[in-house]
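> predicted structure and sequence below. I'll ask about it afterward.
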Amino acid sequence: MRTSEYEAAGSGTFSDARHDVRALLEGYGFSGANCAIAYLSFADPESFVGVYDRDGDLSPLIGFRPIPMNGAALLESIATVDENASRLIANYRKEFPADAEQLATFDADISIKESAALAWLFAVCGLALGLSDSDLHRAQEPSIEAVTLEVKVHRVSESYELDSRYLLRSLMSYRIGGVPTHVLARSIVSSLGSFVADSITAILRDWRATVIVCAGDLFAGNDVLRERAGEPLKHFGIPILFPYNALIPANYGVTTSTQSLGHQPVAVRINPTRGAQPNPMNV
């Protein structure tokens with residue numbers, strides 16, 4: 001990644017997310033609705049899971065803990081998460097010395113010392129696994145079964161943070177155990193999708209929503225993420241909206257509408273007896 005791409009990680013704002021969510025809801029005819037929302041963006045450091053109420057107030061409830069943007073500092077930080085982590089990092093360095101060295105010597109060389117942007121998390125995962133283009137292509141094959149990476153959420157003041165150091169430690173542990181890198185590449189996205197589904201499920205136990213919104217460029221561009229996040233949430237029987245897809249239960253009354261979400265077109269045709277038929281452009 002170029003330095004400018006790392007620096008762009010500091011440019012996102014919740015006002016942008018509010019605008020996008022509002023546009024999406026209006027486009028599907030849910031203006032003024034209570035919604036549970038997951039916003040996952042590649043470059044925005046403010047990805048989150050939270051709620052958006054009918055008054056237009058956006059409340060992020062679970063964010064992402066910033067991690068060091070210096071590889072050596074990050075490895076040191078991962079080694080402190082519990083009593084076993086230090087030994088695991090040592091074993092990782094022993095088993096994969098070239099990849100460990102590449103990660104340890106990486107330095108973004110910018111003013112930002114830490115970032116919660118998922119772009120940086122994915123970059124670190126790629127360095128830790130030594131991913132090739134072939135791995136990334138194979139990871140997209142539907143037949144590939146992902147493993148479950150550790151996702152740990154900590155309470156921070158009045159909200160919560162996903163601590164991605166545990167995910168990275170889990171990734172290294174599976175690699176030491178012989179799990180192929182293309183399987184682990186798929187597992188990163190799959191585990192984030194499961195995190196979204198579990199988080200929204202917890203929210204909906206205590207808060208009534210009319211619709212679930214999964215917004216952000218990561219959802220728009222990844223079938224695995226959409227499936228892992230959306231499938232477990234279907235049992236709530238309420239619409240699940242994505243920038244390019246909608247999972248709307250049959251006979252759910254929604255007005256016909258078309259709306260643009262930034263540069264991501266949203267178009268859906270609603271038949272009260274058949275549910276939603278997404279426009280063919282919404283892949």
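Here it is on my side, so go on. All values derive from a computational prediction rather than experimental measurement.

> tell me which residues of stretch 147-158 come out buried.
149-153 (16 or more other CB atoms under 10 Å). Just so you know, the C-beta spots here come from the backbone N, C-alpha and C atoms, and that holds for glycine as well.

> try stretch 133-147
135, 138-139, 144, 146.

> how about those residues in TSV, adding pLDDT, secondary structure and distance to Pro243?
TSV is the format used below for those (pLDDT from 0 to 100; DSSP: H, G, I helix; E, B strand; the rest coil; distance: CB to CB, whole Å):
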residue	pLDDT	secondary structure	distance to Pro243
Asp135	90	helix	27
Arg138	90	helix	26
Ala139	90	helix	22
Ile144	88	coil	25
Ala146	95	coil	23
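
> circling back to that earlier point, could you identify the most distant pair in the buried residues of stretch 147-158?
Leu149 and Val153 (13.4 Å; CB to CB).

> show me where the stretch 51-200 of the chain has its strands.
Shown for the stretch 51-200 of the chain, the strands assigned by DSSP state E, counting those that start in this stretch span residues 58-64, 67-68, 114-115, 152-156, 159-163.

> flag every buried residue along the longest one.
With burial defined by 16+ other CB under 10 Å, the residues of strand 58-64 counted as buried are 58, 60-64.

> from the residues you listed, pick the one nearest Ser199.
Lowest distance from Ser199 to these (CB to CB) belongs to Ile62, with 5.4 Å.

> contacts only, for the closest one.
By CB atoms under 8 Å, 6 or more residues apart in numbering, Ile62 lies in contact with 48-50, 153, 159-162, 199.

> go with 6 Å
49, 160, 199 (CB atoms under 6 Å, 6 or more residues apart in numbering).

> got it, and Leu218?
Leu218 sits in contact with 40, 42, 225, where contact means CB under 6 Å, 6+ apart.

> next one: Ser157
With CB under 6 Å, 6+ apart, Ser157 has no contacts at all.

> which one's the longest helix in the chain?
Selection of the longest helix in the chain by residue count, based on DSSP state H, yields helix 181-206.

> could you list the paired strands of the very next helix or strand once past that one along with their orientation?
Sequence-wise, the next helix or strand downstream of helix 181-206 (DSSP states H and E) is strand 211-215. Strand pairing for strand 211-215, using DSSP bridges, gives strand 35-39 (parallel), strand 240-241 (parallel).

> average pLDDT for the longest one?
Confidence over strand 35-39 (mean pLDDT, whole number) is 94.

> now rank the contacts of Ile62 by neighbours and give me the top one.
Within the contacts of Ile62, Val49 tops the neighbour count with 27 neighbours, counted by other CB atoms under 10 Å.

> what about that residue, which SS state?
Here Val49 takes the strand state, with states given by DSSP: H, G, I helix; E, B strand; the rest coil.

> so who does it touch?
Listed by CB under 6 Å, 6+ apart, the contact partners of Val49 are 38, 62, 199.

> show me which of those residues is closest to Leu241.
Comparing those against Leu241 with CB to CB picks out Ala38 as the nearest, at 10.7 Å.

> returning to what we had before: what about the strands paired with strand 211-215, which gets the closest to Leu24?
Using CB to CB, those put strand 240-241 closest to Leu24, at 5.9 Å.

> where does the prediction get shaky in this protein?
1-17, 244-283 (pLDDT under 70).

> of all residues in the protein, which one is nearest the centre?
Computing the C-alpha centroid of the chain and ranking residues by CA atoms, centre = their mean puts Leu40 first, at 4.5 Å.
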